[in-house]
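Engineer: Please work out how this folds:
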Amino acid sequence: MVKRVIPFVFMASAIALGAMGAHYLKSVLSEKMMTAFQTGVLYQMVHGLGLLALWGLKDKWTNEKSFKTTVLLLSWGTILFSGSIYMLALNEWGNWGMEKIFGPITPIGGVCMIAGWVYAGNHWTKKSKMSLVALLILSSNFSWGQLTVSNITTYKAHLSWPAAPGANGYLILRSQDTITSIPQEAMSYQVGDYIGNAQVAYVGNLLAFDQLTLRASSHYFFQLYSWIGGILGNTYFPDGPQLDFTTPFNMMGTYYDGIDSTALTFVDDLKARIRSPYNKISYNSYDETMINDYAHVDTTGGQQIVNCVYSQFHYLFTPPFGWLPISREHTYCHSWMPSYSSTSTDEYADQHHLFPVQQNNANGVRSNHPLGEVVTPVSTFGLANMGNNDQGYLVYEPREVHKGDAARALLYMSLRYDDVNGLDWSFDYLNNVTLPGLSEGSQSLETLLTWHFQDLPDAYERGRNDYIQSNQLNRNPFVDHPFWVNRINFADMSYIAIPNDIHENETSFNLHVLDNGGIPVVVKNNNALTDFRVLDQAGRVVVQLKISAGVLRFQDLNLSDGLYFVQCSDSKGSKAISVVQHHQN
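Structural biologist: Numbering: from 1, shown residues only. Predicted coordinates for the structure are as follows:
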């Protein structure tokens, strides 16, 4: 490798590769990979010229071994650095899936080139010990940092790390699986860019940041990289092992301590609980709070996406967020509110029922219409429909995954604001007074309760509930305790002493519960194959199975004491029933 021809080979092939990139690869490679390819060509040309200069100074080199070592380091460094970038470009073009093989080679080449020039400097400065230290620092100091995490919630976590000496900045990758990809040399990235199975979560020169838009009960992996910036691009060095953690199921803690769903005062107690403390967040601050901190998704090029909850319309934007075509939807329509037409009330700005939606084709189409199941569509936008229900009234039907969220928002509003300032927020008042005055049909409470149990709170909704509490200070109890709707008659806001069976359709079976010493038995009156789901009070599915026997014995399920909800379904429909398990001592 210590041959005079090497620098000429480097320069000649660099010219050829540059021409190939300009005339052919430019049309088949991504912009970022094309930039990396050009960086590889430039490094090769520069080091070809550098090697040529070193050969010109060979006669002035007093130590033959030192000269050969320098040339070897620079030559092999160039081959590894530029060559691996070329292979990464070909890998993208051919879709070989071999970035994990070629990617780690690039920094090795970079270290060899750095070492070669340090070694050359050692010969001319005669400061061998200092050069050795410099070489060690340049080749290794970028793996000193290690990520740590604190203040983990369902919606964000605080990540921090120590400074890496010599680093110009830091890049952090995020994934919900073990990170197997690495940043490519000479390329720059923005938050939201994808690198293999990971996404860029942070780019900058700070030593800490808050990772927003996490989701409840989700597992995350993070990897920290330091980078050295140069005229020709960045070189990335992994800092420490991957960090991983799981977010909590929810953050309600002791919020409902003292609330007893079996007490006759349950409805009044729950009203008081969700009314105080309460901190009104300005309606105009929805974008600075909910959109900025929780409801957006990062994507490539530093852009973000906000989804219309009704239709799944994707709004792509470059921060900062601006309204239109997205707007804030009052799930409990402003015109429905007994306090209408004031826009300064708590209920107008309450974030528990505000959601981002597409304005013209979703918000404007929903208008004042009740939510319901569309039988005869009049208009469709994305996954949302507006049309007539089975009673012939106009209703608006959001996409399936938002039906439960919308139902819980309406039930919350009815409970939260009923009898505040002497105003009636019951569904009887809504359906008998308010909606007829708007020439609208009734808002079916039965439909809302069905949606509530069909679409139980998911990770997104639980995290959203926690985030809202962090600012507004109160929670939606039906997200935390889905079965509490069984204890409230929302028609007149009265208490139901015995939970009623919710979500019953026509089925080929009936359900009832036998109490067997505190360990219940759910009995159905046939032996047909049936799907059983057992859910806890937070709406988590704790047991899911198919059985043909007519009996489901709780003693076989290894469940702790508490209230459960058993949902059974067959080809004709489903039934549900509440079950309390209490082991006798």
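Engineer: Is it correct that residue 425 is in contact with residue 414?
Structural biologist: Yes. Shown here, residue 425 and residue 414 form a contact pair, counting by CB atoms under 8 Å, at 4.9 Å. Any C-beta I mention is one placed from the backbone N, CA and C, and that applies to glycine too.
Engineer: Residues that sit against both of the two, list them.
Structural biologist: Common neighbours of residue 425 and residue 414 (criterion: CB atoms under 8 Å, 6 or more residues apart in numbering): residue 493.
Engineer: Kindly state the domain boundaries assigned to this structure.
Structural biologist: Annotated domains of the chain cover 5-142, 144-246, 266-296+309-495, 511-581 [automatic domain parsing].
Engineer: any idea which of these scores lowest on pLDDT?
Structural biologist: Sorting the domains of the chain by mean pLDDT places domain 511-581 lowest, at a mean of 71.
Engineer: I'd like to check what contacts the helix or strand hosting residue 306. Which residues are they?
Structural biologist: In this structure, residue 306 sits in strand 303-307 according to DSSP states H and E. With CB under 8 Å, 6+ apart as the test, strand 303-307 has contacts from 192, 291, 295-299, 313-319, 321, 326, 356.
Engineer: Mind checking which of those residues are buried?
Structural biologist: Buried subset of the contacts of strand 303-307 (neighbour count, 16 or more other CB atoms under 10 Å): 192, 291, 295-296, 298-299, 313, 315, 317, 321, 326, 356.
Engineer: by contact count, what packs against the lengthiest helix in the chain?
Structural biologist: In the chain, with assignment by DSSP state H, the single longest helix is helix 64-94. Contacts defined by 3 or more CB pairs under 8 Å, 6 or more residues apart in numbering; DSSP states H and E place helix 64-94 against helix 5-23, helix 31-56, helix 99-102, helix 105-125.
Engineer: Just tell me which of these ends up closest to residue 348.
Structural biologist: For residue 348, the closest of the helices and strands packed on helix 64-94 is helix 31-56, at 45.6 Å, according to CB to CB.
Engineer: what helices or strands is that closest one leaning on?
Structural biologist: Secondary elements touching helix 31-56 (3+ CB pairs under 8 Å, 6+ apart): helix 5-23, helix 64-94, helix 105-125, strand 233-246.
Engineer: Just the residues contacting the first one, thanks.
Structural biologist: Yep, that's helix 5-23 we're talking about. By CB under 8 Å, 6+ apart, the residues outside helix 5-23 that reach it are 34, 37-38, 40-42, 44-45, 47-52, 55, 71, 75, 78, 86.
Engineer: repeat that for 10 Å
Structural biologist: 3, 25-26, 29, 34, 37-38, 40-56, 71, 74-75, 78-79, 82, 86, 89 (CB atoms under 10 Å, 6 or more residues apart in numbering).
Engineer: roughly how far is that helix from the heart of the chain?
Structural biologist: 45 Å (CA atoms, centre = their mean, to the nearest Å).
Engineer: Surely residue 355 is within a helix?
Structural biologist: No. Going by DSSP: H, G, I helix; E, B strand; the rest coil, the assignment for residue 355 is strand, not a helix.
Engineer: where's it relative to residue 12, distance?
Structural biologist: Remark: distance between residue 355 and residue 12 (CB to CB, to the nearest Å) = 62 Å.
Engineer: So the two - more neighbours on which side?
Structural biologist: A direct count of neighbours by other CB atoms under 10 Å for residue 355 and residue 12 places residue 355 higher, at 25 against 13.
Engineer: Dig out what that one forms beta bridges with.
Structural biologist: Bridge pairing for residue 355 (DSSP bridges) gives the partners residue 329.
Engineer: OK, contacts around it?
Structural biologist: 286, 290, 295, 307-310, 327-331, 363, 398, 402, 405-406, 409, 464 are the contacts of residue 355 under CB under 10 Å, 6+ apart.
Engineer: ranges for the strands of the stretch 201-350 of the chain?
Structural biologist: 208-211, 219-230, 233-246, 296-299, 303-307, 314-317, 326-330 (DSSP state E, counting those that start in this stretch).
Engineer: Name the residues of the third one that are buried.
Structural biologist: When you say that, I think you mean strand 233-246. Per 16+ other CB under 10 Å, strand 233-246 contains these buried residues: 233-240, 243-244.
Engineer: got JSON lines for these, with distance to residue 470 too?
Structural biologist: Putting the buried residues of strand 233-246 into JSON lines (distance: CB to CB, whole Å) gives the following:
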{"residue": "233", "distance to residue 470": "40"}
{"residue": "234", "distance to residue 470": "36"}
{"residue": "235", "distance to residue 470": "39"}
{"residue": "236", "distance to residue 470": "34"}
{"residue": "237", "distance to residue 470": "36"}
{"residue": "238", "distance to residue 470": "33"}
{"residue": "239", "distance to residue 470": "30"}
{"residue": "240", "distance to residue 470": "30"}
{"residue": "243", "distance to residue 470": "23"}
{"residue": "244", "distance to residue 470": "24"}
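Engineer: No more questions from me, cheers.
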